[in-house]
Every structure is written in structure tokens, then in C-alpha cells.
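In: got a structure for you, letters missing:
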């Protein structure tokens, strides 16, 4: 039996639109197991390890 999601897509969409409307440049969205939606700004998002494709593909 599968567990029911603790958030809906519209919840994420609403949070994202609100952050963008407030002037935030979104870098990452995290959804915790309890359904909490965390939006990190572009400058606060931790940088991942670089690989050779980072120089080829735009971020």
C-alpha cells in the first residue's frame, strides 16, 4: 500500500509563484517527508560538485 502524499502540486506551484512574486531568484525547492516545502534562493542553494558537463551545458 502506498503512502499518500503530504503535499499537492498546487501547493508547490503556489509557494513558487509567491517566492518569485516577492523577487526571489529560486535556486532550489526541497520537499521534506512531512510535506514541508522549502524554497532556497539562488545564492543560498548549495553548489553541487562540478563535473565535465558543467562547462558544456548551461545551468
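Out: Perfect, thanks for sending it. This is a predicted model, so every value here is computed, not measured.

In: and residue 26, how close does it get to residue 5?
Out: Going from residue 26 to residue 5 by CB to CB, to the nearest Å gives 21 Å. For glycine as for every other residue, the C-beta is placed from the backbone atoms N, C-alpha and C.

In: and residue 37, what are its phi and psi?
Out: For residue 37, the backbone dihedrals (degrees, to the nearest 10) come out as phi -100, psi 120.

In: over to residue 19?
Out: According to degrees, to the nearest 10, residue 19 has phi -70, psi -40.

In: so residue 42 makes contact with residue 23?
Out: No: with contact defined as CB atoms under 8 Å, residue 42 does not count as touching residue 23 (11.5 Å).

In: and the two? Which one has more around it.
Out: Using other CB atoms under 10 Å as the criterion, residue 42 and residue 23 rank with residue 42 on top: 10 against 7.

In: hang on, the earlier thing: the more surrounded of residue 26 and residue 5?
Out: A direct count of neighbours by other CB under 10 Å for residue 26 and residue 5 places residue 26 higher, at 14 against 10.

In: that one pairs with what?
Out: Going by DSSP bridges, residue 26 is paired in beta bridges with residue 41.

In: that one and residue 19 touch, don't they?
Out: Yes: Residue 26 is within contact range of residue 19, at 5.7 Å (criterion: CB under 8 Å).

In: skipping adjacent residues, who's closest to the residue most central in space within the chain in space?
Out: Centrality entry for the chain: nearest residue to the mean C-alpha point is residue 29, 1.4 Å, by CA atoms, centre = their mean. Nearest non-adjacent residue to residue 29, counting by CB to CB, 6 or more residues apart in numbering: residue 39, 5.4 Å away.

In: how far away is the residue nearest to residue 6 when sequence neighbours are not counted from residue 7?
Out: Distances taken as CB to CB, 6+ apart place residue 35 nearest to residue 6, at 2.9 Å, with adjacent residues excluded. For residue 35, the distance to residue 7 equals 4 Å [CB to CB].
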